[in-house]
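**Student:** 3D model of this:
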Amino acid sequence: MTRGRSLKRPLIVYPLVVQLVALLISVSVLIAVALRIDSGGPYTDERIVAVIAGAMDRNAQGDLFIRQTDSLSGLQATEPGLWFMVEDDAGHSVTFGMVPGFYASFQGRLSELSYAQLRDRTPPYDLAAVVRREMTDIGPLTILAHGALSQLNFLILLASPVIVVPIILLLFVTSLVMTPWIVRRALAGMSRIAREAEEIDPERRGRRLSEAHVPREIAPLVRAMNEALRRLDEGHERQQRFIASASHEMRTPIAVLQGKVDGSQDPAVRALGDDIQRLTILTEQLLDLQRLSQGRRTAQVDLVALARGVVADLAPLAIAGGRSMEVEVVQSGTCLGDAAALERVLMNLLRNAMDHGGQHAVLRVIGRTLEVEDDGPGIPPEERERVFEPFYRLRPQSKGSGLGLNLVAEVVAQHDGRVTIRSAPAGGTIVQVHLGGAPSAASTTAALDGQRRT
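**Tutor:** Residues are numbered from 1 along each chain as shown. Below is the predicted model:
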């Protein structure tokens, strides 16, 4: 069986790939634009502010002074051009290194600032400085400092893996989890439609698929399916009306022929009686099939009384043909079903046994199981399934219509049962009908006992 293409790839994998590519392109464009916009030259690395703030202290008079901390010594060693100016809110200030005269006017007013990045336009960028307001153990301090210079593009490229990559991964994982869930919810109506379609069978016509829970894109397919189901129902109804009409119309001329044959003294004409009987049986079987399609009436059926009634009705035909039949009750039983339909089942099985099964037939009742056993030549194992097909005949020259066992299978299926065929112990065939499910262990044991008594 060829498997169709799955919707998972176009609905889940492809959108995820597109989203990831679009996100990468967007981030790359943003970085490029940021690099393009910022052309102001290098700037001072603001990490030196924390080192400077940690080296500040006060004397007894409250003035600021610089403590030579290990961090500050290390910073001096790596940045020979280090300079800074520190001021508190009271106006006390302290400087370190060669502070450019350009910033002389900041002294006494530095505490009015809180944040700035100052950059000059030409090398060696001696005026590049950073302004930060820091909270320390000795109070708030404003620091103006110059140290190691950094390029903006280098910082962006350095920060991209730290910031952009986690964002991309978070968005990717979110999409990977949410997209299948969204797709499953969007296609939930399709699963419901599939379940409804599985419940459609020839015995429950008139069913239609619901359009209420399917996406608009799928609705035309559902409507097309419903239209096809409607046409099939109409075709089935026309077929059933034709069979019913044809069967009813055939009954009148058959009855006329039967009367003429019975009243004729000509042996050649009377020899047509068997053919007329075959037409009568075929007509009744066609009507039976048509009745089955209309449903069945259920009531409690006494299987023993049913079996005895059928044998009593067929006894004259059996005697006229030089055959015999009997009813054997192993275990009484009842079932909920259509008595008329079950009567036709037993009629067909016994007629089949009389026509093809030898001289003697036994109708056995074992609870909800009915058996018809004959002493004929039997049915080959490879043919036991095909004999239930409509119009199939084991022997092409047989005078049967080929509908009897098919009708039996249809009726038994409507009674939630099954039909099996096996060889009889003494030769011949046993057709076993289980009504309303599998037989119980007690019924099976009783059947075996009944077979040994036969």
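
**Student:** quick check: next helix or strand after the helix or strand harbouring residue 245?
**Tutor:** Per DSSP states H and E: residue 245 is located in helix 219-263. Once helix 219-263 ends, the next helix or strand along the chain (criterion: DSSP H and E) is helix 267-270.

**Student:** list the contacts of that following helix.
**Tutor:** If you take Cβ atoms under 8 Å, 6 or more residues apart in numbering as the criterion, helix 267-270 is touched by 260, 261, 262, 264. The C-beta positions use only the backbone N, C-alpha and C, and glycine is treated the same way.

**Student:** hang on, the earlier thing: please work out the average pLDDT along the helix holding residue 245.
**Tutor:** Here helix 219-263 scores 77 as its mean pLDDT.

**Student:** show me what that helix is packed up against.
**Tutor:** Applying 3 or more Cβ pairs under 8 Å, 6 or more residues apart in numbering; DSSP states H and E, one finds that helix 219-263 contacts helix 267-270, helix 273-293.

**Student:** next, count neighbours for residue 326.
**Tutor:** Per other Cβ atoms under 10 Å, the neighbour tally for residue 326 reads 12.

**Student:** for the nearest residue to it once chain neighbours are set aside, name its beta-bridge partners.
**Tutor:** With Cβ to Cβ, 6 or more residues apart in numbering as the criterion, residue 326 has its nearest non-adjacent residue at 5.6 Å, and that residue is residue 362. The residues listed as beta-bridge partners of residue 362 by DSSP bridges are residue 326, residue 373.

**Student:** pull the contacting residues for residue 362.
**Tutor:** 325, 326, 327, 328, 371, 372, 373, 374, 454.

**Student:** of all those, which two lie farthest apart?
**Tutor:** Using Cβ to Cβ, the contacts of residue 362 reach their maximum pairwise distance at 327 and 374, which is 14.3 Å.

**Student:** now do the buried residues in stretch 76-89.
**Tutor:** 79, 82, 83, 84, 85, 86, 87, 88 (16 or more other Cβ atoms under 10 Å).

**Student:** likewise for stretch 430-439?
**Tutor:** Here stretch 430-439 shows 430, 431, 432, 433, 434, 435, 436, 439 as buried, counting by 16+ other Cβ under 10 Å.

**Student:** just the element for residue 300, please.
**Tutor:** strand 299-302.

**Student:** for residue 133, see how far away residue 114 is.
**Tutor:** Distance, residue 114 to residue 133, using Cβ to Cβ, to the nearest Å: 4 Å.

**Student:** ok, and the closest non-adjacent residue to residue 352?
**Tutor:** Per Cβ to Cβ, 6+ apart, closest to residue 352 is residue 404, 5.4 Å.

**Student:** give me the number of residues near the one you found?
**Tutor:** 24.

**Student:** do I have it right that it meets residue 351?
**Tutor:** Yes - contact between residue 404 and residue 351 holds when scored by Cβ atoms under 8 Å: they sit 6.6 Å apart.

**Student:** and residue 115, what pLDDT?
**Tutor:** 91.

**Student:** wait, doesn't it sit right on residue 143?
**Tutor:** No - the criterion here is Cβ under 8 Å, and residue 115 misses it with residue 143 at 11.0 Å.

**Student:** which neighbours do those two have in common?
**Tutor:** 131, 132, 133.

**Student:** so how far is the helix or strand hosting the last one off the chain centroid?
**Tutor:** Mapping residue 133 onto the secondary structure by DSSP H and E places it in strand 129-136. From the chain centre to the centre of strand 129-136 is a distance of 63 Å (Cα atoms, centre = their mean, to the nearest Å).

**Student:** again with stretch 221-231
**Tutor:** Distance of stretch 221-231 from its chain centroid, counting by Cα atoms, centre = their mean, is 21 Å.

**Student:** how about stretch 129-146?
**Tutor:** 66 Å.

**Student:** quick check: mean pLDDT of it?
**Tutor:** For stretch 129-146, mean pLDDT is 94.

**Student:** quick one: mean pLDDT over the helix or strand in which residue 310 is found.
**Tutor:** For residue 310, the enclosing helix or strand under DSSP H and E is helix 303-320. Averaging the model's pLDDT scores along helix 303-320 yields 88.

**Student:** which outside residues touch it?
**Tutor:** Outside helix 303-320, the residues that touch it by Cβ under 8 Å, 6+ apart are 324-327, 329, 332-335, 339, 342-343, 346-347, 350-351, 354, 361, 363, 365, 368, 370, 435.

**Student:** and stretch 187-202, what's buried?
**Tutor:** Buried, per 16+ other Cβ under 10 Å, within stretch 187-202: 187, 189, 190, 193, 200.

**Student:** report the contact partners of the fourth one.
**Tutor:** When you say that, I think you mean residue 193. Per Cβ under 8 Å, 6+ apart, neighbours of residue 193: 209, 210, 213, 214, 218, 222.

**Student:** check the gap between the last one and residue 185 for me.
**Tutor:** By that I understand residue 222. Applying Cβ to Cβ to residue 222 and residue 185 gives a distance of 18 Å.

**Student:** residue 114 and residue 133: who's more crowded?
**Tutor:** Comparing residue 114 with residue 133 by other Cβ under 10 Å, the one with more neighbours is residue 133, at 16 against 10.

**Student:** test my guess that the more buried one contacts residue 140.
**Tutor:** Yes - here residue 133 reaches residue 140: they are 6.3 Å apart, a contact under Cβ under 8 Å.
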